[in-house]
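K.L.:
From the sequence below, what's the structure:
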Amino acid sequence: MQIYPAFYALLLGASLALAGCNSKPDTDVHEQEVHAAGQPKPAPVATPPSLRDTLLLLAQQLDTVHRDGCWDDDFARLMTVHHSGAQRLAAVEIASGQDSTLRALAQHVLKGHERDNHVLTLALTRQPPKGQEYRPGNTKDPFVRRIAAALAPLRQLPPTPGPLDADFATLMQVHHQTGVALAQVELAFGKDAELKDAARRIVRDEQAEVKQYQRWLQAHPTQ
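P.N.:
Sure, this is the predicted structure:
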């Protein structure tokens, strides 16, 4: 008679143990769901700016550069912003471009423009206050007209169907051609010897680089 309680106790223990084993996966899943819910979601990956958008943004930024009516100062401010646009183009090529030649040219742009911007910034800090040499709002002023003509191609960009390397070579030509034209305005109007030297160097270097981009595009037709 005493065997029955022992038997039922054994049977009850086995049932509880079996239920515990069967419930463990559900518990684990629940714990994983709770843990996952408490984890921060990964931040969305930002889409890198396109080369074309980078140049269009540059055109807008150049429109907002402060001009006080002094030829040398206003050239230095404009060229500093213009150079920064080239550095952003170069950064996109270095990050996403495939061609080793163009990537090397992009590195050269970063270093060369950093040097030029240092010279331009120093010249601005050394310039004593001057009287106004032109009126920035006067669209008939020769300096204003030359600057506007120099920068106009930034608003009339050529087609850029890809790939990225070809687009970089195409748009860097536009950038450098406008940079050369901007530097030539300084050579025509400017008085500061150091800034005029910088303008001559920009004309020389960027004209040479334009030829390199042209040769690359001739050797790598996209169609």
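
K.L.:
switch to C-alpha atoms for all contacts and neighbour counts from now on
P.N.:
Fine.

K.L.:
Just the element for the residue nearest to Trp216 when sequence neighbours are not counted, please.
P.N.:
Using CA to CA, 6 or more residues apart in numbering and skipping the chain neighbours, the partner closest in space to Trp216 is Ala169 (7.6 Å). Here Ala169, judged by DSSP states H and E, is contained in helix 164-189.

K.L.:
And that helix, what does it pack against?
P.N.:
Helices and strands touching helix 164-189, by 3 or more CA pairs under 8 Å, 6 or more residues apart in numbering; DSSP states H and E, are helix 51-63, helix 71-96, helix 142-151, helix 193-219.

K.L.:
which residues sit against the shortest one?
P.N.:
When you say that, I think you mean helix 142-151. The contact list for helix 142-151, computed with CA atoms under 8 Å, 6 or more residues apart in numbering, reads 59, 71, 134, 136-139, 178-179, 181-182, 185, 189.

K.L.:
pLDDT below threshold where in the protein?
P.N.:
Where the chain drops to pLDDT under 70, the residues are 1-48, 127-130, 223.

K.L.:
Tell me which residue lies nearest the centroid of it.
P.N.:
Arg88 (3.3 Å; CA atoms, centre = their mean).

K.L.:
Would you mind confirming that it is in contact with Leu56?
P.N.:
No: between Arg88 and Leu56 there is no contact, the gap being 12.0 Å when judged by CA atoms under 8 Å.

K.L.:
and the residue nearest to Leu89 when sequence neighbours are not counted, what is it in contact with?
P.N.:
Sequence neighbours aside, Leu51 is the residue nearest to Leu89 in space, at 6.0 Å (criterion: CA to CA, 6+ apart). Counting by CA under 8 Å, 6+ apart, Leu51 makes contact with 89, 92, 167-168, 171.

K.L.:
any idea which of those is closest to Pro221?
P.N.:
Asp167 (11.5 Å; CA to CA).

K.L.:
Can you pull the phi/psi pair for Asp99?
P.N.:
phi -80, psi 130 (degrees, to the nearest 10).

K.L.:
Outside of stretch 170-179 itself, list whatever touches it.
P.N.:
51-52, 55, 79, 82, 86, 89, 150-154, 157-158, 160, 202-203, 206-207, 209-210, 213-214, 217.

K.L.:
cool, stretch 199-211 as well?
P.N.:
Residues from elsewhere that reach stretch 199-211, judged by CA under 8 Å, 6+ apart: 172-173, 176-177, 179-180, 183-184, 186-187.
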